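A.B. asks: With the input below, show me the fold.
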Amino acid sequence: MNVGEYFKIRYFVILLIVYLFLLPCKLFDVPFSTVVTDRNGELLGARIADDGQWRFPPNDIVSEKFEQCLIAFEDRYFYYHFGINPLAVLRALKQNIKAKRAVSGGSTLTMQLMRISRGGRRTVSEKLIEMILAIRVECRYSKKEILTMYASNAPFGGNVVGIEAASWRYFGHPADDLSWAEAAVLAVLPNAPAMIHIAKNRPLLLEKRNKLLKYLYEKGKMDKTDYHLAVSEELPAEPLPLPHIASHLVTGYYLKNRGQKTVSSIDKNLQISVENILERRHSDFLRRDIRNIAALVIDIRTNEVLAYCGNIKPGKNKQGDQVDIIRSPRSTGSILKPFLYYAALDEGLILPHTLLPDIPFSIDGFSPQNFNMQYEGAVPASQVISRSLNVPSVFLLKEYGVPKFYDFLKRAGMTTLRRPASNYGLSLILGGAEATLWDMSFMYSDMARALLGADQIAESAHNIQRQNMKRGGFFKPGAAWLAFDAMKEVNRPEEIDWHYIPSMKTVAWKTGTSYGFRDAWAIGVTSRFVVGVWAGNANGEGKPELVGARTAAPVMFDIFNILSSSEWFRKPENEFLEVEICKKSGRLKGRFCDETDTVLSLPGGLKTESCPYHTIISLTDDERYRVYENCVSYHQNIIKKKWFVLPPVWEWYYKQHHPDYKMLPPFMKGCEDDMKSPMQFIYPQRNVTVRVPKQLDGSEGEITFELAHSNSNATVFWHLNDEYAGTTQHIHKLTLLPAKGKHTLTAVDNDGMTVSIRITVE
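C.D. replies: Below you'll find the predicted structure:
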């Protein structure tokens, strides 16, 4: 090999290497619109690309009709040339010389693809570069890939780029559903998008479209009927707005997955129906100055979101509608109570109907009250949940332990507990913490999934499923079934006797109302769906009508009414024991319980305390007085009788709501020495610090002390530090103004029985 041949080979190799690397790795480095579809690929909404263009992420395939139209109009020999068509180039050259100006470019689709990717300059030198690069493109990509890239990046007029964006903007549906007439319009537009447009030169556009359709008909690409239908279609009048469904969800994906196409788990038809329900209810709520609503629907089997309404649809003159409430922390109100009930059952702290105290009390200045501002003395635990009573729930949390419940909630999926448990205290169960509708709804869904058999749980196939799915299995079926059983006894809104209406679904549900009437919650569960609803004002403004049962619950049931029905959860097997309980106290049967019942209990319930409220007492034969055997003469008749006795404060309130409750008879004279005190302080409790309130004028107020006496006719004499302070009858309340410091408060009744407490006044 001589030197000349060597250099020729070397130059050839260099040119070959240069040619091989002429093309960049990506022909198009452009931003895309954020596109979100439902589970079936139907468009929910989109956000414009960062460069201000409607450019959807590219599809893998091009619809057959558009491909036929495009090739027929732009490049009839597309599948036969190698990037350039020599005959087309010669023909264009001849036409341009004859016209003495550029009237034809002879470009193939591949050459046009390169012109679009390089910026669209139209010069002779640029044309030569396009030819060279077109051949190189044909070496790297298949014909289908070239066609797809062209369709995804061709200009269609204005700021619309790509076939998918153009199809939605001009015809309101995906490119896969294009008619022959629509496909022909879109095939014509990229040829000269600045000269021919939907709103510009419409007669010329119509002429080009019909000419193309006629060619396809003559070539046998469509039959006569399709042809006549196609040419009779009118051109679109103007660009259409893109769908605006699940707008808050779409915005969320825009912020998280900008420029990507996401196939969500949303069911478009259900989403639209739920949005319509919210809009209808919103019109009613506005009259009460309640401006925002959010709703979430979850398919329990897959743990997927089927409907996501972060708020009402954003629009003019709507306040706070841009806020995605589903992801916004809000005060929980009572929505956490079923989880405490579940945890207490699971641990064996209570049985389903264990009596819990419902009496006034105060701990470190925290004095919970029920929504109706009343007390009932004692209430079964299951009713505490179904009736959403605050005071017994606080007692139960105190018994269970705040740190333990705090840890339970975090492990169950509550992500908003960012302060230490001690910072929340007992208010944790009454709205002292914030939660998102997202977390709460999925926690209820996770509990429900514990009751589904393996054959009922399906794999999630879409994107909006719960994060951290590894938590699945946290809830146990036995306690979950008992919790839902209590929740489905909640009376529904509108005060109707829904138990006897067969068309209404069985739903386990819970409402919540935050302090100051700022947040109204309702979350319901069937064996198929979870529906979570929040109502309120995004800015936190409270309104008297913002009560969960009055606002959020009716919306929740509206949504359940459009969902398919399903059988209630099957009772879990091998989870329960049948235990005998005291019917009145809900505790395990004690020695002296006279009325019993059998209930389902978890095994841990066997370690709970047996009924302490039933005792056996000695009575005179006429049952008018209690006696002790050692204080009556041997010739007097004594009878033994079982009796249900609650602590004095419990009893004071309990008897007002239970007329059948029998008070203990008084002791016979001479038998008082051994009796327990019939009195108990309601406020304050023993060894507490009491703060003197301030009046409106800044002066010190007074403190009202209160106690309960088992004898409604008793007279009570009050003493503060051994000094007489006053006398009460029937209702035992006394208002005093003690000095700052430590004090002893003593009450003595007319039988000489006493009770004392020590307090500190600040």
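A.B. asks: Where does the prediction get shaky in the stretch 351-500 of the chain?
C.D. replies: For the stretch 351-500 of the chain, the stretches with pLDDT under 70 are 464-472, 491-500.
A.B. asks: just the stretch 151-300 of the chain next, same as before
C.D. replies: The stretch 151-300 of the chain contains residues with pLDDT under 70 at 193-194.
A.B. asks: all helices of it, in order?
C.D. replies: Ranges of helices in the stretch 151-300 of the chain, per DSSP state H, counting those that start in this stretch, are 163-171, 180-188, 202-218, 224-232, 247-256, 268-286.
A.B. asks: Mean neighbour count added to the ones you listed, as CSV?
C.D. replies: C-beta coordinates here come from the backbone N, C-alpha and C atoms, glycine included. Listed next are the helices of the stretch 151-300 of the chain as CSV, based on neighbours: other C-beta atoms under 10 Å:
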stretch, mean neighbour count
helix 163-171, 25
helix 180-188, 26
helix 202-218, 17
helix 224-232, 14
helix 247-256, 20
helix 268-286, 18
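A.B. asks: Out of those helices, which is closest to T354?
C.D. replies: helix 268-286 (37.9 Å; C-beta to C-beta).
A.B. asks: picking up where we left off before, want to try TSV for the helices of the stretch 151-300 of the chain, with distance to H614 as columns?
C.D. replies: Shown next, in TSV, are these (distance: least, C-beta to C-beta, whole Å):
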stretch	distance to H614
helix 163-171	73
helix 180-188	81
helix 202-218	90
helix 224-232	85
helix 247-256	56
helix 268-286	49
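A.B. asks: Figure out which of those is closest to V297.
C.D. replies: Nearest of those to V297, taken as C-beta to C-beta: helix 268-286 at 6.5 Å.
A.B. asks: Please export the C-alpha coordinates of the closest one as CSV.
C.D. replies: What follows is helix 268-286, C-alpha atoms only, in CSV (Å, rounded to 0.1, in the frame of the first residue of the first chain):
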residue,chain,number,x,y,z
LYS,A,268,-62.8,9.6,34.7
ASN,A,269,-66.6,9.0,34.7
LEU,A,270,-66.6,8.6,38.5
GLN,A,271,-64.4,11.7,38.9
ILE,A,272,-66.8,13.8,36.9
SER,A,273,-69.7,12.6,38.9
VAL,A,274,-68.0,13.3,42.2
GLU,A,275,-67.0,16.8,41.0
ASN,A,276,-70.6,17.4,40.0
ILE,A,277,-71.8,16.4,43.5
LEU,A,278,-69.2,18.8,45.1
GLU,A,279,-70.3,21.7,42.9
ARG,A,280,-74.0,21.1,43.7
ARG,A,281,-73.3,20.9,47.4
HIS,A,282,-71.0,23.9,47.1
SER,A,283,-73.8,26.1,45.8
ASP,A,284,-75.8,25.2,49.0
PHE,A,285,-72.9,25.6,51.3
LEU,A,286,-72.1,29.1,50.0
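A.B. asks: got the angle between it and helix 247-256?
C.D. replies: 110 degrees (axes from the mean of the first three to the mean of the last three C-alpha atoms, to 10 degrees).
A.B. asks: Show residues contacting helix 268-286.
C.D. replies: Helix 268-286 is contacted by residues 38, 40, 42, 44, 245-246, 291, 293, 295, 297, 306-309, 312-313, 535, 551, 554-555, 558-559, 562-563 when judged by C-beta atoms under 8 Å, 6 or more residues apart in numbering.
A.B. asks: Please flag which of those residues sit within helices.
C.D. replies: 554-555, 558-559 (DSSP state H).
A.B. asks: Type out the ChimeraX command that picks the buried ones from the residues you listed.
C.D. replies: To isolate the buried subset of the ones in helices among the contacts of helix 268-286 in ChimeraX, counting by 16 or more other C-beta atoms under 10 Å, use the following:
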select :554,555,558,559
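A.B. asks: Go through the ones in helices among the contacts of helix 268-286 and name the one nearest A421.
C.D. replies: V555 (32.8 Å).
A.B. asks: I'd say the closest one and A295 touch.
C.D. replies: Yes: the pair V555 / A295 is scored as a contact, 6.7 Å apart, by C-beta atoms under 8 Å.
A.B. asks: Can you get me the start-to-end distance on stretch 577-588?
C.D. replies: One end of stretch 577-588 sits 13 Å from the other (C-alpha to C-alpha, to the nearest Å).
A.B. asks: An error on my part: the question was meant for stretch 525-540.
C.D. replies: Using C-alpha to C-alpha, the end-to-end distance of stretch 525-540 comes to 27 Å.
A.B. asks: one step back: return every residue with contacts to both of V555 and A295.
C.D. replies: Common contacts of V555 and A295 (C-beta under 8 Å, 6+ apart): 277-278, 533.
A.B. asks: ok, I61 - how many residues close by?
C.D. replies: When neighbours are defined as other C-beta atoms under 10 Å, I61 has 12 of them.
A.B. asks: Also E145?
C.D. replies: 12.
A.B. asks: Doesn't V579 belong to a helix?
C.D. replies: No: assessed by DSSP: H, G, I helix; E, B strand; the rest coil, V579 does not belong to a helix; its assignment is strand.
A.B. asks: Nearest residue to it in space, please, no chain neighbours.
C.D. replies: What sits nearest to V579 in space, not counting adjacent residues and going by C-beta to C-beta, 6 or more residues apart in numbering, is S601, at 4.4 Å.
A.B. asks: Surely the one you found and T354 touch.
C.D. replies: No: look at S601 against T354 with C-beta under 8 Å: they stay out of range, at 10.4 Å.
A.B. asks: In PyMOL, select just the buried ones from the contacts of helix 268-286.
C.D. replies: The PyMOL command for the buried members of those (criterion: 16+ other C-beta under 10 Å) is given here:
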select buried, resi 38+42+44+245+246+291+293+295+297+306+307+308+309+312+313+535+551+554+555+558+559+563
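A.B. asks: Keep only those of the contacts of helix 268-286 that are in strands.
C.D. replies: Counting by DSSP state E, the part of those found in strands is 44, 293, 295, 297, 306-309, 535.
A.B. asks: for those residues, which one is nearest L235?
C.D. replies: For the ones in strands among the contacts of helix 268-286, the nearest to L235 is L44 (27.1 Å; C-beta to C-beta).
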